[in-house]
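Participant: From the sequence below, what's the structure:
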Amino acid sequence: MDRRNFIKKTALAAAGTALAAPVSAVLTQAESARLFENEASPNASSGQTKSAEQAHEQAGLRQASTQLKVLMVNGSPRPDGNTFCCLKEIEKQLQKHGLETEIVQIGRQPVRMCINCGGCHQNGGQGCVFDDDMCSEITQKMASADALVVGTPVYYGQPNGGILSLMQRLFFSAGHLVQNKPAAAVAVCRRGGATATLQTMNMMFEMMNMPVVTSQYWNIAYGAGKGEAKLDTEGMQTMRTLGNNMAFLLQKIHANGNPAPTRDERPAFMNFIR
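Facilitator: Okay, the predicted model is just below:
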C-alpha cells in the first residue's frame, strides 16, 4: 500500500471512530447505570439473572441506609456573590431535614469545553479524560451524591459559560452518575434573562432522566451588587421552598430502598435527515 492510500484509510478510520464514539458512549453508560434490564441470552442461566437482581437490590438498601447528600455547584466566579446567597438559603432548608450538603465553587479557574474526542468511551465510564479542571472533581463528588443543585448567574440571557461546559462534559462522560438523581437549577440576574437561563439548565437534566425539582415560582432571584439577592424576599422564599421540595422528593424516592427504576428499552436514536 502506497503512502497516499495509507494516509487516506487512516483518516477515514479515525473519522468513523469519532462519529461512532458518542453514540457508543451513551449506550455503554446507560448499560452501566442499569437504565434497562439485561437482555439475557437463551443460554443464560436463571441463577445469573437472579444474582444480578439481588446485587441491585442490596445496593439500593445500602444507599438508603446512609445519609442522603445533595451536591451544590456554584457556577459564579464570585464565591460569595448572589448565586452563593441563593445556594446557602437552599442549603439551610436541606440541612433542617437532615440531609448532608456540600457547596463546590468553580471559581475563576478555566473550564474546558467538550471536544467530542470520545476518550471517555475508552476509560470505562470514569469521566472526562481531561482531568486538569473542576470537571474531574465534580465527577468524583457526584458518584457519592444523591441529588444535584446548580446555581448560575445570568450572562447575556444564558448560564455562565464555565458551568455550561462543566455540565456538558459531566453528563456526556459520566452520565451514569447522575441518572435518576433529582436536580434543580437556580438562576440569578440583575433584570432579565433568568427564565431562558433556567430553561437551558433544565433541558440537560431532562435528557438524563433526572427528576427536576420545582418550587412555588421559577427558581430565580434578583440582585446586582454583592448580597442584594437577600433583599429579594420572594426569591429567598422560593429558594427555601425549593430546599423543602428537594428534601421531600429525596426522602420519598429512597423510602423503599430501591430508588432507581429499571427500563426495558434501550435509548433510541433517530436523525431527522436520513
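
Participant: rest of the way, CA atoms for contacts and neighbours
Facilitator: Fine.

Participant: what packs against the longest strand along the chain?
Facilitator: Assignment by DSSP state E gives strand 147-155 as the longest strand of the chain. Applying 3 or more CA pairs under 8 Å, 6 or more residues apart in numbering; DSSP states H and E, one finds that strand 147-155 makes contact with strand 69-74, helix 82-96, strand 183-189.

Participant: now the ones you listed in JSON lines, with mean pLDDT, distance to Cys120 and mean neighbour count?
Facilitator: Listed next are the helices and strands packed on strand 147-155 as JSON lines, based on pLDDT from 0 to 100; distance: least, CA to CA, whole Å; neighbours: other CA atoms under 10 Å:
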{"stretch": "strand 69-74", "mean pLDDT": "98", "distance to Cys120": "22", "mean neighbour count": "24"}
{"stretch": "helix 82-96", "mean pLDDT": "98", "distance to Cys120": "30", "mean neighbour count": "22"}
{"stretch": "strand 183-189", "mean pLDDT": "98", "distance to Cys120": "23", "mean neighbour count": "27"}
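
Participant: Would you list the strands that the longest strand of the chain pairs with, along with their directions?
Facilitator: According to DSSP bridges, strand 147-155 has the following sheet partners: strand 69-74 (parallel), strand 158-159 (antiparallel), strand 183-189 (parallel).

Participant: tell me the mean pLDDT over it?
Facilitator: In this model, strand 147-155 has a mean pLDDT of 98.

Participant: can you list contacts of stretch 87-107?
Facilitator: 67-79, 134, 151, 162-163, 236, 239-244, 246-247 (CA atoms under 8 Å, 6 or more residues apart in numbering).

Participant: List only those of those flagged as buried.
Facilitator: 68-79, 134, 151, 162-163, 236, 239-244, 246-247 (16 or more other CA atoms under 10 Å).

Participant: List the residues that contact Leu231.
Facilitator: Gly223.

Participant: quick one, what contacts the residue nearest the centre of the chain?
Facilitator: Computing the C-alpha centroid of the chain and ranking residues by CA atoms, centre = their mean puts Val178 first, at 4.8 Å. Residues in contact with Val178, defined by CA under 8 Å, 6+ apart, are 142-143, 147, 171, 208, 210.

Participant: same check, this time on Gln126
Facilitator: The neighbourhood of Gln126, defined by CA under 8 Å, 6+ apart, consists of 120, 173-174.

Participant: Kindly give a single ChimeraX line that selects the buried subset of those residues.
Facilitator: Applied in ChimeraX, the following selects the buried portion of the contacts of Gln126 according to 16+ other CA under 10 Å:
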select :120,173,174
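
Participant: Can you add distance to Met270 and give the helices and strands packed on strand 147-155 back as TSV?
Facilitator: Formatted as TSV, the helices and strands packed on strand 147-155 follow (distance: least, CA to CA, whole Å):
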stretch	distance to Met270
strand 69-74	33
helix 82-96	38
strand 183-189	27
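
Participant: Ok, which of the ones you listed comes nearest Tyr217?
Facilitator: Across these, Tyr217 has its closest neighbour in strand 183-189 (11.3 Å, CA to CA).

Participant: Which residues does that closest one contact?
Facilitator: 82-83, 86, 147-154, 159, 194-195, 197-198, 201-202, 205, 210-214, 219-224, 229.

Participant: Now the element after that strand, going C-ward?
Facilitator: Moving toward the C-terminus from strand 183-189, the next helix or strand (DSSP states H and E) is helix 194-207.

Participant: which strands and helices sit next to that following helix?
Facilitator: strand 158-159, strand 183-189.

Participant: The helix or strand just after it packs against which elements?
Facilitator: Going down the chain from helix 194-207, the next helix or strand is strand 220-222, by DSSP H and E. Packing partners of strand 220-222 (3+ CA pairs under 8 Å, 6+ apart): strand 183-189, helix 233-253.
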